[in-house]
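Peer 1: this one's structure only:
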């Protein structure tokens, strides 16, 4: 029996299984009945997925428009918000889980995956025990737990699983520039692109610094391995930098190409939504710097961040992660492996810089880089602190690379495992409550939007943010969405001069029969946004005869169409703009390159095997 | 120079001690202050000292009560705070700075002593146990015992000097030891006198030649002599201490309290229902017991290590016994009860001894010297106290002195008035009170608007916070925000009013006198 266990553990990486198994305490609260509606973004996650599902069920494979947000005026949510978490959620939903369980499963998956990816990254550099410690620190660091159980940050939690993958794959690209590493780097970076805008904006500069560090330090090592002196050495360094830079740069570009489907329209069309709703008021980054003591405070709360030092949200880094990060200084002195040492140094320096950037003393930096303010909260940098402290925690039990004999101090590592989990155990308390607006439904969504003034995103043409709508009124009365989204009351009187009748509708289209005795305006109860196009069809569901101009109308900024005289079928449809088409093209092109590289790699390996 | 060499040369552990102390001192970075039993008193004491720094010979804190040289605070921590004032810190920042410095210096001193006795890894553990001892944290964040908090940094420093002098007869160690002891005595004379006994026992227990021991004891006598001599100016200024131990015997600790995980912010009271944390600390207790057990099983350890460990384990045991009621007779017979206000103040020496005993386990079990094990032990110690690091913060801003001290029971820290002092106007007054000690009576707050003749034209006489916080519920040092609203009678004169504020006993009608002798605070 013992022999067979030994055999299994020899053949398989038991620590990999352990990381996944020991995540059970983190995911256990997700397995209880009910939902943690007390989390800040719990409703957003559920109703965003609700909207996503509506589109997918209609066969829209890459939804960009969410039809029911803002009391039915709709919003280009997934055009500007990373959709990956919602694809995962939709996957679980299509497998038969309801929306709430789908969301909980995505959270659970993100916990497990983030632990595993961090384990694999650190194991590669510092051994299995270091990987185990790092993986568990990454899972149990208070910000990670708070992100899920306090903030209910659905998309962000998925993004966190990509950090270690990106760090690992780009490390491999620089150290061993192989096609697989190159593809892994591109895929992992694009995964982050599709996950969460804020994390992407914060992580990308960090990744840039990481790559410069990896390339330069590796080039320096290359140069030292060749006997030379003075100017000659500098030439060698420069040559090595050039040689080692192309692969990570190409990986980054390929990742951006894959992610262009999302980021290109997001970057160029973000300006068409009201930015003040994303960046002003509660989201003003100036109110969300962290006070130094908050990093080290055991305080745990389920409230919001607010100006001043009395936030009801915890910003602690975590006692055990900090202690182990401090001990990484001592570990540094005992490391013989140069790569381990320089990586540890890098993450130590990064940790200090991250902490500084969250303090109000760094406000000048935030002013200098206006794009970073899209990350909304400086304390979001705690997400970048996570990989730093996880790596540094692992370094305390690091073993030399390639040494199979030395096992470090397994008993001490187990002690640390217990302490890591124990330290965060009391924070694993989501607020399981009943939703005030009732069960998940369209009317529940309307009630939530009205009571909280949330999910009321508007477009750049909206001067007066709606607080209710005829659509919402209908939903509350009938329990379902009205099919017609035309403001019939706004049609010219008497009605027979311009009459419309709904012939068909979807989440992104309205097809109308129009009878116009004279020109007139048809106003839709839909926000105007680039991509809405109107056509005259040559029959019911017929082909396009001519295109009409869609214009924003009124203080709400609704889409309106100036219709000509006559009787015809009018189609209003949300379509791709040239930017979105370009994004799709780049995505497909990049995907083909990825497939080609992988295909070539498979072919090469099979040939070598033969 | 390579990194490992550099680490060895610079003793990286010193940096580790400072960094690992961060959880202890981080709450002091809160922009305001925290509510402890002493509240803002240390800040006011600092400003009081500063008022006549160069002519204040013999100054000791005396704002809330007449100073007792033996059991009261000394001037040294305030002088350290004053040095921080020269760095452009305000009073609150300077006091918090000294608390923070106290944590760091106590950690470093404990490390150096622990390193000397049990090696670097042991020193690191000793420092962490010492800094995070629950009583140490309570001394700062619950009691706000400014001088005692600073004394924590002087105990290991003084003992280190004595140990160095025992092994190496250099004048530098002798002078440093005497100075450290004198500084301790000028921080807290009573505790310093008790600590002299501790040093005495340490010297006797040390495995040093008899001559060295004699010299060390002579040095101790010199230290005590200098310490007492330094008290002369204070004695001349404030008189000799009152040799009284009234109430001392009512505050012995119940055994369960030593092992309780309870944490509260109340004052020490008679009986067993204190909410003041009086625990030894789970980690320190556990590690000391382990040290004792390892000691019992030792056959091959270095005799010096065994002897030193024995001393600290025994010292812990003795001090624990002295904290309990059965030791009452011993305290009184030895007159040591005169040196402290409460017997549980001895906990500071007990946790010092325990931190050193904890350090010994690394020497007695060398496997624990490995880095991952060190990390485990340090995590264990800090995690045990992590939850206690939540002081009760306050954003109240104060000036250089309290607005008024009423009796020796309460202070008015600050006040704000809204509305003009004109007839027919509504005046809102916000008062920030600080209790100086638990009060038995429920005093009534009066806010009177009077004219130049002393006629009252508006008044609000009520229990604080609309009756929600009677003064008998105020904890020592607690800051209570109390709002009052009055409307000045339209029949009164147009202008020329002042607001009179104070506290009185409703049963007798007697007002609490101010330190100036007046019975009301006048706001214009």
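Peer 2: Structure's in. What do you need? These numbers were taken from a predicted model, which means no experiment stands behind them.
Peer 1: okay, residue 279: pLDDT?
Peer 2: I'll assume chain A. Note for residue A:279: predicted pLDDT of 71.
Peer 1: meant chain B actually
Peer 2: For residue B:279, the predicted pLDDT is 93.
Peer 1: which helix or which strand is home to it?
Peer 2: Using DSSP states H and E, residue B:279 sits in no helix or strand.
Peer 1: how many residues are close by residue B:390?
Peer 2: 14 (other C-beta atoms under 10 Å in any protein chain shown). In this view, the C-beta of every residue, glycine as well, is placed from N, C-alpha and C.
Peer 1: can you confirm it is in a helix?
Peer 2: No - judged by DSSP: H, G, I helix; E, B strand; the rest coil, residue B:390 forms no part of a helix; its state is coil.
Peer 1: pLDDT below threshold where in the stretch 251-400 of chain A?
Peer 2: A:280-283, A:371-373, A:400 (pLDDT under 70).
Peer 1: can you name the residues of it that neighbour chain B?
Peer 2: With C-beta under 8 Å from any C-beta of the partner chain as the criterion, the stretch 251-400 of chain A meets chain B at residues A:291-293, A:295-299, A:309-310, A:319-320, A:322-324, A:326-327, A:329-334, A:341, A:396-397.
Peer 1: put the buried members of these into a ChimeraX selection.
Peer 2: Per 16 or more other C-beta atoms under 10 Å in any protein chain shown, the buried members of these correspond to this ChimeraX selection:
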select /A:291,292,293,295,296,297,298,299,309,319,320,322,323,324,326,327,329,330,331,332,333,341,396,397
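Peer 1: give me the contact list for the helix or strand hosting residue B:81.
Peer 2: In the assignment (DSSP H and E), residue B:81 maps to helix B:76-85. Outside helix B:76-85, the residues that touch it by C-beta atoms under 8 Å, 6 or more residues apart in numbering or on different chains are B:42, B:45-46, B:49-50, B:53, B:61, B:91, B:93-95, B:97-98, B:101-102, B:146-147, B:149-150, B:183, B:186-187.
Peer 1: please apply the same query to stretch B:88-106.
Peer 2: B:17-18, B:21, B:24-25, B:28, B:32-33, B:40, B:42-44, B:46-47, B:77, B:80-82, B:84-85, B:130-131, B:136, B:140, B:146, B:149-150, B:152-153, B:155-157, B:398, B:400.
Peer 1: switch the cut-off to 6 Å
Peer 2: For stretch B:88-106, contacts defined as C-beta atoms under 6 Å, 6 or more residues apart in numbering or on different chains pick out B:18, B:21, B:24-25, B:28, B:33, B:42-43, B:46-47, B:77, B:80-81, B:84-85, B:131, B:140, B:149-150, B:152-153.
Peer 1: residues of it that come out buried?
Peer 2: Buried-residue list, stretch B:88-106, by 16+ other C-beta under 10 Å: B:90-106.
Peer 1: so residue A:569 bridges to which residues?
Peer 2: Beta bridges link residue A:569 to residue A:513, residue A:537, judged by DSSP bridges.
Peer 1: confidence score at it?
Peer 2: For residue A:569, the predicted pLDDT is 96.
Peer 1: distance of it relative to residue A:477?
Peer 2: 29 Å (C-beta to C-beta, to the nearest Å).
Peer 1: who has more neighbours, those two?
Peer 2: Taking other C-beta under 10 Å, residue A:569 and residue A:477 do not tie; residue A:569 has more neighbours (20 against 10).
Peer 1: which residue, other than its chain neighbours, is closest to the most centrally placed residue in chain B?
Peer 2: The residue lying closest to the centre of chain B (C-alpha atoms, centre = their mean) is residue B:145, at 2.3 Å. Nearest non-adjacent residue to residue B:145, counting by C-beta to C-beta, 6 or more residues apart in numbering or on different chains: residue B:139, 5.0 Å away.
Peer 1: what's the average pLDDT for the helix or strand harbouring the one you found?
Peer 2: According to DSSP H and E, residue B:139 maps onto helix B:134-141. Averaging pLDDT along helix B:134-141 yields 96.
Peer 1: what's the neighbour count on the residue lying closest to residue B:142 once chain neighbours are set aside?
Peer 2: Nearest non-adjacent residue to residue B:142, counting by C-beta to C-beta, 6+ apart: residue B:265, 5.5 Å away. Residue B:265 has 20 neighbouring residues, counting by other C-beta under 10 Å.
Peer 1: report the secondary structure state of residue B:265.
Peer 2: coil.
Peer 1: repeat that for residue A:521.
Peer 2: Applying three-state DSSP: residue A:521 is strand.
Peer 1: and it, bridged to which residues?
Peer 2: Going by DSSP bridges, residue A:521 forms beta bridges with residue A:562.
Peer 1: isn't it right up against residue A:558?
Peer 2: No - under the criterion of C-beta atoms under 6 Å, residue A:521 is not in contact with residue A:558, lying 10.6 Å apart.
Peer 1: higher neighbour count, these two?
Peer 2: Higher neighbour count among residue A:521 and residue A:558: residue A:558, with 23 against 15, using other C-beta under 10 Å.
Peer 1: residue boundaries of the helices in the stretch 351-500 of chain B?
Peer 2: B:371-386 (DSSP state H, counting those that start in this stretch).
Peer 1: what is the burial count for the residue in it that chain A sits nearest to?
Peer 2: As assessed by C-beta to the nearest C-beta, chain A sits closest to residue B:372 within the stretch 351-500 of chain B, at 3.4 Å. Neighbours of residue B:372 under the rule other C-beta under 10 Å: 25.
Peer 1: contacts only, for it.
Peer 2: Counting by C-beta under 6 Å, 6+ apart, residue B:372 makes contact with A:396, A:397, A:409, A:412.
Peer 1: where does chain A dip in pLDDT?
Peer 2: Answering for chain A: the residues below the bar, that is pLDDT under 70, span A:1-11, A:280-283, A:371-373, A:400-408, A:495-496.
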